[in-house]
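In: requesting a structural model of the entry that follows:
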Amino acid sequence: MSAINERRERARAHRHQLIITAARELAETEGWEAVTTRRLAERVEYSQPVLYSHFNGKDAIVRAVAIDGFTELAAHLRHARHTAPEPGQALRAVCRAYLTFATERPALYQAMFVLPTDLKFASTETPPPLRACFDEFVNCFPPANKRRELFAEVTWSALHGMAVLSASHRIPSDGQEERLDFLITQIAGTHTAFASGHSSAPVAVPPTGAASGPNPGATGTS
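Out: The predicted structure follows:
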């Protein structure tokens, strides 16, 4: 590639990310209803045709924002897992980091899990950043647990329900720590039962409403 073409590609990549960042900032301050190509064009100081040369509409922009979000979430969860005081506390640290991420970035979380996109969950077509997030939950359980992806699915599903129901004020936000304690206790107890060969232990049940959220990961995505 020539030096001129390289500069053009760098400029295009920079412009692409600028649009994504502008969409995120606008959504966080005014909501996704305010994110239009006209508003974005004004914000990044490019014409609407330039925006359409990068994204064919709002849905494509939301998808790009969501991918950005999953990349950040994976790094956030990874940091929490690696910096947990003890290996046995990794699951709690990752769960708490997940809820903090959802609370501090509500519009971004909407793009990732609530707004319609063509992102594939639990599929061979799942983008790497989504799988990386799921793997952080999987890695909280020992490799000896042959069903650790199931444990990761249930944990993530429950956390998603807690995040969405709390954000929409359908459950009180001041009870999150108690819910988290209950979830960790139930998941940890069930994991111990599986590891010891006693599968009759009580299985963790996600909070009411959690099943309405997307399935973030599955065994068929590796």
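
In: tell me, what residue is most central in this protein?
Out: In the chain, the C-alpha nearest the mean C-alpha coordinate belongs to residue 70, at 4.8 Å (C-alpha atoms, centre = their mean).

In: low-confidence bits of the protein, can you list those?
Out: 1, 190-222 (pLDDT under 70).

In: so who does residue 15 touch?
Out: 44, 46, 50, 54 (C-beta atoms under 8 Å, 6 or more residues apart in numbering). C-beta here means a position set from N, CA and C on the backbone, and glycine is covered the same way.

In: show me which of those are buried.
Out: Neighbour counting over the contacts of residue 15 (16 or more other C-beta atoms under 10 Å) leaves 44, 46, 54 as the buried ones.

In: the second one in helix, strand or coil?
Out: Three-state secondary structure (criterion: DSSP: H, G, I helix; E, B strand; the rest coil) places residue 46 in coil.

In: element containing the nearest residue in space to it that is not next to it in sequence, please.
Out: Closest residue to residue 46 apart from its sequence neighbours, by C-beta to C-beta, 6 or more residues apart in numbering: residue 15 at 6.9 Å. For residue 15, the host element (DSSP states H and E) is helix 3-30.

In: in the chain, what residue spans correspond to helices?
Out: Taking DSSP state H, the helices of the chain run over residues 3-30, 37-44, 48-52, 58-82, 90-104, 106-109, 128-138, 148-167, 176-196.
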